[in-house]
Each structure stands twice: as C-alpha cells, then as structure tokens.
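S.K.: Generate a structure from the sequence data that follows.
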Amino acid sequence: MIQILAISGSLRQVSSNTALLEAAIALSPQNVEMKLYGGLNDLPHFNPDLEPTEPASAKDLRAQIKWADGLIVSSPEYAHGVPGVLKNALDWLVSGEEFVRKPIALFNASPRATHAQASLTEILTTMSGRIVPGASIAVPLLGKKLDAAGIIADPEISGEVRAAIVAFASAIEQFQRD
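M.R.: A predicted model of the protein is given here:
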C-alpha cells in the first residue's frame with residue numbers, strides 16, 4: 001500500500017486546490033491510501049527557538065510527513081508566490097529528517113499560477129524533496145467552480161488526475177526499490 005499525504009496551500013473554505021486533492025483521494029487506485037492534511041491553519045509562525053519544545057501541531061505535521069511515502073501539494077498563487085501558510089508549514093520541516101528525499105507531485109488548479117509553481121519547486125528541491133515531473137499536473141479549474149464531485153464527474157479531468165496518481169505511485173515504488 002502506497003501512503004500519500006495531500007497538502008493544499010489554501011485555507012479557503014471553497015478552494016479549487018483543496019477540491020482537486022479531495023477528488024484525487026476519491027480517484028486513487030486500490031493500492032494507494034491518500035489523506036488530506038488539515039492542520040495548516042493550526043501551525044504557529046515558525047520560530048527556530050520553539051523547535052526544542054515543538055508545538056503539538058508541528059509534531060503532528062512531522063508525524064504525518066513521516067507516515068507518507070509521498071506528498072501531493074496543490075497550492076494557489078498569491079502575489080506571484082506561495083501562500084505564507086504553506087511556506088510556514090514547510091519551514092517547520094526544514095530541520096527534520098521526515099521530508100528528506102520524499103517524493104512529491106505538484107498539482108496546480110490554475111495553469112496560470114506559474115510563479116508559485118516555480119517558487120514551490122525551488123523551495124521543495126532546496127529542502128531535498130524529490131519532485132516527480134511525470135506525476136505533476138496543471139488542471140484548468142479556474143472559473144469552472146467545480147467541487148470534488150464535479151472534478152470526479154468530468155471524464156477528462158478525472159482521467160488526468162487518476163493518471164497522475166498512478167504515475168506517482170509507480171514512481172514511489174521505483175524510489176523504494178532503488
């Protein structure tokens with residue numbers, strides 16, 4: 001069983017990035033267990049002085065990252081960058097070993113969000129994440145107002161999402177064999 005943690009960089013209640021990840025969870029093949037990380041809003045601002053007495057929310061994030069064989073990250077773009085809450089979560093992971101060489105697929109709910117994707121790629125590779133290009137997709141959800149059910153019901157979009165998950169699971173299995 002391949003275990004994947006899905007992380008949305010959006011706190012919006014109705015987020016296309018979160019909907020994309022919720023659809024991915026539903027579309028996952030039987031050999032994949034995927035869950036959505038829900039603690040982004042609970043993390044305090046990163047402060048290295050807090051690391052010796054790490055807050056429970058940061059410990060939970062680390063535990064979920066450790067549980068996962070791979071990560072799927074889907075993030076909006078704010079002012080040509082990664083949302084602060086997502087960067088904050090990543091900062092909490094910098095000094096730990098849980099993230100190192102972790103396979104990562106980048107999902108993008110707006111193909112126009114190229115600056116955030118480039119920034120996220122730079123951050124994650126600097127942190128020693130292993131981005132899997134063949135499992136990273138840009139899905140044109142902008143303006144479609146699709147929730148997870150709508151994404152699943154769209155044969156073209158759901159096929160692309162399922163194919164990306166299958167490719168990601170295959171890449172994770174290959175990394176585990178190497």
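S.K.: Quick check: mean pLDDT of stretch 102-121?
M.R.: Summarised as a single mean, pLDDT over stretch 102-121 is 92.
S.K.: Likewise for stretch 75-82?
M.R.: Stretch 75-82 shows a mean pLDDT of 92.
S.K.: Give me the distance from it to the chain's centre.
M.R.: Stretch 75-82 sits 14 Å away from the centroid of its parent chain (Cα atoms, centre = their mean, to the nearest Å).
S.K.: who touches it?
M.R.: 8-10, 12, 15-17, 83-84, 86, 108-110, 112-117, 119-120, 123 (Cβ atoms under 8 Å, 6 or more residues apart in numbering). C-beta coordinates here come from the backbone N, C-alpha and C atoms, glycine included.
S.K.: can you tell me which of these are in helices?
M.R.: Under the assignment DSSP state H, the contacts of stretch 75-82 contribute 16-17, 84, 86, 114-117, 119-120, 123 to helices.
S.K.: just the buried members of those residues?
M.R.: Judged by neighbour count, with 16 or more other Cβ atoms under 10 Å as the criterion, the buried members of these are 16-17, 86, 116-117, 119-120, 123.
S.K.: between these, which is closest to Ser158?
M.R.: When those are compared for distance to Ser158 (Cβ to Cβ), Ser16 wins out at 14.7 Å.
S.K.: Centroid-nearest residue for the protein?
M.R.: Val73 (1.6 Å; Cα atoms, centre = their mean).
S.K.: can you list the buried ones among the ones in helices among the contacts of stretch 75-82 in CSV and add distance to Glu54?
M.R.: Supplementary listing: those in CSV, determined by distance: Cβ to Cβ, whole Å:
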residue, distance to Glu54
Ser16, 32
Asn17, 27
Leu86, 19
Ala116, 27
Gln117, 29
Ser119, 26
Leu120, 24
Ile123, 21
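S.K.: Between the residues you listed, which sits nearest Ile152?
M.R.: Checking those one by one against Ile152 (Cβ to Cβ), the nearest turns out to be Ser16, at 13.9 Å.
S.K.: pLDDT at the closest one, what is it?
M.R.: Each residue has a pLDDT score; the one for Ser16 is 94.
S.K.: Just give the closest residue to it, not the sequence neighbours.
M.R.: Excluding the flanking residues, the one nearest Ser16 by Cβ to Cβ, 6 or more residues apart in numbering is Ala109, at 4.0 Å.
S.K.: quick one, what contacts the one you found?
M.R.: So Ala109 contacts 16-17, 19-20, 74, 76, 139, 141-142 (Cβ under 8 Å, 6+ apart).
S.K.: For the residues you listed, which entry has the maximal number of neighbours?
M.R.: For the contacts of Ala109, neighbours were counted by other Cβ atoms under 10 Å; the highest total belongs to Ser74, with 28 neighbours.
S.K.: Going along the chain, name the strands of the protein.
M.R.: In the chain, the segments counted as strands under DSSP state E are 2-8, 32-36, 70-74, 103-108, 130-131, 137-138.
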